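**Q** build me a model:
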Amino acid sequence: MYNEWSLDSFYKGIDDPALLADMAKLESTIGAYNQAAEALDAADARASLRRVLELEEEITVAISRVAGYFSLRRSANSGDVEGAKYLTKIQALGASTTRASALLRKFVGELADLDGVIGDDALLGEYRFMLNELKASAAHRLSDEAEVVFARMNISGGRAWGDLVSHLTANVEVDYKDGITSLSAIRGLADSDSAEERKAAYEAELACYGKIKDSIAYALNSIKAQVNLEAELRGYENPLAMTLERSRMKKETLDAMLEAMREAMPKFREYLKHKAKLLGYENGLPWYEILAPMGHADSTTYTVEEAHRYLVERFATFAPDMADMVDQAFREEWIDFYPRKGKVGGAFCSNQPFLGQSRILTNFSGTFGSVVTLAHELGHAYHGKQIESHRPLNMDYSMPVAETASNFNELIVVNNAIENATGEAKIQLLESQIQDLTQIIVDIYSRFLFEDEVIRQRKNTFLFADDLCKIMLDAQKQAFGDGLDPDCLHPYMWCCKSHYYRAGLSYYNFPYAFGGLFSRGLYAKYLEEGEAFLPKYRALLKATTVDTVEHVAGIAGIDLTDPDFWRRSLATVTEQIDLFIAETQK
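**A** Numbers count the residues shown, from 1 in each chain. Reported below is the predicted structural model:
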């Protein structure tokens, strides 16, 4: 307890007979699934479709259990050779269902009367949303041969270019202080307590891109050309339309959110200019000072036991079932807390709905920030609890709503801390939260503008590194305005953000703004409605895997296509900016 997680709920170890049995059953079930897909028959559509989905359920549960087990083992110990071997085998088994999955999607897409096939069948009824999604996506399917070719070509196309960028950014040498460091290490100094170090790190970072910018420019051009081609071949108006459909989100919702964000930019610029003056700058904030810490954090440190009590107490004031789940997570060893050799960095939550549990990895250091990280990941776990009653194929939520519960949990904890803090500690908490919001609203908007322009221009021209730098600077000036020093921006942000280099996932930027603002809007609803909000919140989280984002929000009485909702969410941010300015003017 209070150290490493327990995986005994999965298996007792690599020699557990249950593991060997599950692997054998997975292989046989995949064989049956592949045969059933080949036998799909429109003359007996309901029975044959039901048979395929039942087998796909079995495969999903089995892979979730065995792959989840070995993936978690590898996260906690990167030297787990046996785990790596099993994962490779499981991935190969999963890949062997590719043709069957394609046959299923084609079959559903060609059903003339899908509602009639579903009829009063209970299982098919639960999959109505998923089946209708499959049918709608059929309009954008290529021929069977073209789908196979496109998927195989992507391995040496978009995916390979993305791998190249990962390799270049991971291995580029950064000259710093008469030595060599890495790009990730130099970027990690952006929030250093030393102004001299922040500036030197920024200058060293910009200098290193000259070694890799041309190769990365070729990668970005190739990926975006592929994205444009795929959208065209599949009959989408553009790659953004393709992304929005896969996000279960309307263009009207995106437009409403962006409209409200643009209206709020002057307030963020006011914050940036005020921070600049506090730090001694007169021409806006230099880029290397965006993450400069302000105020002084509360020096209180927390043991894991204290974090346990603190979080249970905070969440008990919100929802007793959340407090109970948080208590369960600590007591039943869902969490791997401390950093150690071989363990991955950062933090994540892996929902395991088939076990009725989650597993959370953190690198706990005892700071208040570590406690907030725990709260964030426990939000994902709470989201997992709400969806675990769904059938196995109804467990995936789209990108925009993925961070709803986690951001909501952060608001509960951080807002409580701000209310109870005074002096420098209050300034630090306020500014830290505003700083994060500036990243997910203003900086994310600049990244959206950049990617949109690159995709547009790539239809007709090749963009060299200097072209990409110009587009990035224009996007930053449009988003940040006079809040930043125009002579000290970051022209190479396109080099260091991996989000641009996923051929199958374009515009991986606006979901961050959506998640942050949607959760704030929900939190405002909670403050307004009190306990009456909780059933809506639980129902909303449960619906995220089986409905559009607009219908999900409608459960809480929210119209995402109305800019006023987003304006109200942003008003909670601008109020904090006003409070920060007032506190720092005392």
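
**Q** which strands and helices sit next to the helix or strand containing A405?
**A** Using DSSP states H and E, A405 sits in helix 404-420. If you count contacts as 3 or more C-beta pairs under 8 Å, 6 or more residues apart in numbering; DSSP states H and E, helix 404-420 packs onto helix 304-316, helix 368-387, helix 423-438, helix 510-529, helix 533-543. Quick note: C-beta positions are derived from backbone N, CA and C, even for glycine.

**Q** and the helix with the most length in the chain, which residues are buried?
**A** Taking DSSP state H as the criterion, the chain has its longest helix at helix 45-76. Within helix 45-76, the residues that count as buried by 16 or more other C-beta atoms under 10 Å are 45, 48-53, 55-59, 61-76.

**Q** ditto for stretch 380-392
**A** H380, A381, Y382, H383, G384, K385, Q386, I387, E388, H390, R391, P392.

**Q** give me the low-pLDDT residue ranges for the stretch 251-400 of the chain?
**A** Counting by pLDDT under 70, the stretch 251-400 of the chain contains no low-confidence range.

**Q** contact partners of the helix holding A405?
**A** Outside helix 404-420, the residues that touch it by C-beta atoms under 8 Å, 6 or more residues apart in numbering are 311, 314-315, 318, 349, 368, 371-372, 375-380, 382-383, 426, 429-430, 433, 515-516, 518-520, 522-523, 537, 540-541, 544.

**Q** for the helix or strand of the chain with the lowest mean pLDDT, packing partners?
**A** Counting by mean pLDDT, DSSP states H and E, the weakest-scoring helix or strand in the chain turns out to be helix 144-156, with a mean of 83. Helix 144-156 sits against helix 98-110, helix 213-233, with contacts defined as 3+ C-beta pairs under 8 Å, 6+ apart.

**Q** please compute how far whichever helix or strand comes after the last one lies from its chain's middle.
**A** Just to be clear, that refers to helix 213-233. Beyond helix 213-233 in the direction of the C-terminus, DSSP H and E gives the next helix or strand as helix 239-246. Relative to its chain's centre, helix 239-246 lies at 16 Å (C-alpha atoms, centre = their mean, to the nearest Å).

**Q** how about helix 239-246, which residues are buried there?
**A** Buried residues in helix 239-246, counted by 16+ other C-beta under 10 Å: P239, L240, M242, T243, L244, E245.

**Q** for the first one, which residues are in contact?
**A** If I follow you right, that is P239. So P239 contacts V227, N228, E230, A231, I455, S506, Y507 (C-beta under 8 Å, 6+ apart).

**Q** now do the same contact list for the fifth one.
**A** So that's I455. K224, V227, N228, N238, P239, L240, S506.

**Q** right, and the last one touches V227 too?
**A** Which is S506. Yes - between S506 and V227 there is a contact under C-beta atoms under 8 Å: 5.3 Å.

**Q** before we move on, back to that, the helix holding A405 to helix 510-529, inter-axis angle?
**A** 60 degrees (axes from the mean of the first three to the mean of the last three C-alpha atoms, to 10 degrees).

**Q** now do helix 404-420, average pLDDT.
**A** In this model, helix 404-420 has a mean pLDDT of 94.

**Q** buried sites along that helix?
**A** Here helix 404-420 shows 404-415, 417-418 as buried, counting by 16+ other C-beta under 10 Å.

**Q** and for stretch 272-291?
**A** For stretch 272-291, by 16+ other C-beta under 10 Å, it's 272-276, 278, 281, 284-291.

**Q** now do it: distance to the chain's middle.
**A** 29 Å.

**Q** which residues sit against that stretch?
**A** 190-191, 195, 198-199, 201-203, 292, 294, 431, 435, 438, 480, 482-490, 580-581, 584.

**Q** tell me which element E550 falls in.
**A** E550 belongs to helix 549-554, assigned by DSSP H and E.

**Q** elements contacting the helix or strand following that helix?
**A** With elements assigned by DSSP H and E, the helix or strand that comes after helix 549-554 is helix 563-584. If you count contacts as 3+ C-beta pairs under 8 Å, 6+ apart, helix 563-584 packs onto helix 251-278, helix 423-438, helix 510-529.

**Q** to S96, which of these lies closest?
**A** helix 510-529 (31.4 Å; C-beta to C-beta).

**Q** of all the helices and strands packed on helix 144-156, which one is nearest A36?
**A** helix 98-110 (7.7 Å).

**Q** what angle sits between the closest one and helix 45-76?
**A** Using the same axes, to 10 degrees: helix 98-110 against helix 45-76 is 140 degrees.

**Q** picking that back up, could you dump the helix holding A405 to PDB, C-alpha only?
**A** Taking Å, rounded to 0.1, in the frame of the first residue of the first chain, the C-alpha atoms of helix 404-420 are listed here in PDB:
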ATOM      1  CA  THR A 404     -13.700  16.300 -19.000                       C
ATOM      2  CA  ALA A 405     -13.700  14.500 -15.700                       C
ATOM      3  CA  SER A 406     -10.000  15.000 -15.100                       C
ATOM      4  CA  ASN A 407     -10.100  18.700 -15.600                       C
ATOM      5  CA  PHE A 408     -13.200  18.900 -13.500                       C
ATOM      6  CA  ASN A 409     -11.400  17.200 -10.600                       C
ATOM      7  CA  GLU A 410      -8.500  19.700 -10.900                       C
ATOM      8  CA  LEU A 411     -11.000  22.600 -10.600                       C
ATOM      9  CA  ILE A 412     -12.400  21.100  -7.400                       C
ATOM     10  CA  VAL A 413      -9.000  20.800  -5.800                       C
ATOM     11  CA  VAL A 414      -7.200  24.000  -7.100                       C
ATOM     12  CA  ASN A 415     -10.200  26.300  -6.700                       C
ATOM     13  CA  ASN A 416     -10.500  25.200  -3.100                       C
ATOM     14  CA  ALA A 417      -6.800  25.800  -2.600                       C
ATOM     15  CA  ILE A 418      -7.000  29.300  -4.100                       C
ATOM     16  CA  GLU A 419      -9.900  30.200  -1.900                       C
ATOM     17  CA  ASN A 420      -8.000  29.200   1.200                       C
END
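
**Q** quick one: distance of that helix to the chain centre.
**A** On C-alpha atoms, centre = their mean, the centre of helix 404-420 falls 19 Å from that of its chain.

**Q** could you export the least confident helix or strand of the chain as PDB, CA atoms only?
**A** The C-alpha trace of helix 144-156 is given here as PDB (Å, rounded to 0.1, in the frame of the first residue of the first chain):
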ATOM      1  CA  ASP A 144     -11.600  -3.000 -50.300                       C
ATOM      2  CA  GLU A 145      -8.300  -3.100 -52.300                       C
ATOM      3  CA  ALA A 146      -7.700   0.700 -51.800                       C
ATOM      4  CA  GLU A 147      -8.300   0.400 -48.100                       C
ATOM      5  CA  VAL A 148      -5.700  -2.300 -47.800                       C
ATOM      6  CA  VAL A 149      -3.200  -0.400 -50.000                       C
ATOM      7  CA  PHE A 150      -3.700   2.800 -48.100                       C
ATOM      8  CA  ALA A 151      -3.200   1.200 -44.700                       C
ATOM      9  CA  ARG A 152      -0.100  -0.600 -45.900                       C
ATOM     10  CA  MET A 153       1.400   2.400 -47.600                       C
ATOM     11  CA  ASN A 154       0.900   4.500 -44.500                       C
ATOM     12  CA  ILE A 155       3.400   2.300 -42.700                       C
ATOM     13  CA  SER A 156       6.100   3.600 -45.000                       C
END
